[in-house]
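Asker: sequence first, then the predicted structure, then my questions.
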Amino acid sequence: MDTTKRYKAVFFDLGGTLRIALLEEPWMRHARRKMAEIAGSPVPYEEFYQMIEERYEPYRKWALGENKESNDEELWCKWLLPDYDQARIRQVCHELSFQYRQCKGRRVVVDGGVEVIKGLHERGYKLGIISNLIGENEVPDWLEEDGLDRYFDTVILSSVCGMRKPCFEIYQLAAREMGVELSECVSVADNIKRDIPGAKKAGVGCNIIFSSPEKKHPVEFTEENRPDAVVEDFREILNLLPPLN
């Protein structure tokens with residue numbers, strides 16, 4: 001990584017980067033039960049959850065193939081629960097997305113994450129989030145509840161903008177909202193397949209890969225997905241980005 005270059009903004013990925021999922025079965029079981037309850041499921045909650053998992057696969061195949069994401073209403077009314085009471089599902093679709101994600105684990109900020117956010121903000125960097133995920137409300141609600149919303153200039157979610165990484169336009173949207181050139185931006189993420197190629201095509205100035213504790217399998221770098229730096233401790237990011245002020 002060229003540490004002599006001055007960057008102005010940092011984009012963070014969420015899953016496996018700024019936030020990780022803790023596989024806590026009581027938490028996950030409660031979410032499965034809650035999801036069935038709010039949907040008005042006539043079948044036991046575990047059976048309902050398995051049905052959702054099966055129906056999610058074709059949706060995921062479409063989303064990955066098209067680099068697109070549905071909003072909450074479309075996800076649940078068109079893909080996951082088209083045979084349920086549509087008026088009810090439209091009313092509870094945001095909560096369904098939230099609970100479905102909790103079925104996969106309890107999300108917490110990665111160790112050192114808050115320190116890095118506050119540290120970069122104090123150093124004069126603009127901060128943004130670019131994340132592929134279902135659910136329109138979870139991230140804004142989390143940022144507000146944790147008092148982190150004031151540190152971010154933009155939050156780009158695939159479920160809101162409709163685009164998924166590696167679509168390069170999602171980076172262009174973030175840079176435009178932040179008022180910076182893409183060459184002045186740093187991307188911090190964990191997935192070399194989804195996060196690096198799109199960022200490079202968009203012209204992001206620097207790509208940092210976080211070796212997430214959730215993903216310990218070896219990776220093979222190519223010219224297309226090779227990052228400028230790899231960090232194993234999130235706090236190392238502060239060593240790479242000096243103060244601007």
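Answerer: Yes, it's here.

Asker: what's the burial count for residue 73?
Answerer: Look at residue 73: counted by other C-beta atoms under 10 Å, it has 16 neighbours. The way it works is simple: take the backbone N, C-alpha and C, and place the C-beta from them, glycine included.

Asker: please tell me how far it sits from residue 64.
Answerer: Per C-beta to C-beta, to the nearest Å, residue 73 is found 21 Å from residue 64.

Asker: same question for residue 102.
Answerer: To residue 64, residue 102 is 22 Å away according to C-beta to C-beta.

Asker: which of those two has more residues huddled nearby?
Answerer: residue 102 (20 against 12).

Asker: does that one touch residue 27 like I think?
Answerer: Yes - with contact taken as C-beta atoms under 8 Å, residue 102 and residue 27 are classed as touching, separated by 6.6 Å.

Asker: please, where are all the strands along this protein?
Answerer: Counting by DSSP state E, one finds strands in the chain at the ranges 9-12, 19-22, 106-109, 126-131, 154-157, 185-189, 206-210, 229-231.

Asker: out of those strands, which is the most enclosed?
Answerer: Ranked by mean neighbour count, the strands of the chain are led by strand 185-189 with a mean of 27 (mean count of other C-beta atoms under 10 Å).

Asker: so what secondary structure elements neighbour that strand?
Answerer: strand 9-12, helix 169-178, helix 196-202, strand 206-210 (3 or more C-beta pairs under 8 Å, 6 or more residues apart in numbering; DSSP states H and E).

Asker: name the helices or strands packed onto the longest helix along the chain?
Answerer: For the chain, the helix with the greatest residue count under DSSP state H is helix 45-66. In this structure, helix 45-66 packs against helix 25-39, with contacts taken as 3+ C-beta pairs under 8 Å, 6+ apart.

Asker: what about the helix it packs on, distance to the chain center?
Answerer: What separates the centre of helix 25-39 from the centre of its chain is 22 Å, taken as C-alpha atoms, centre = their mean, to the nearest Å.
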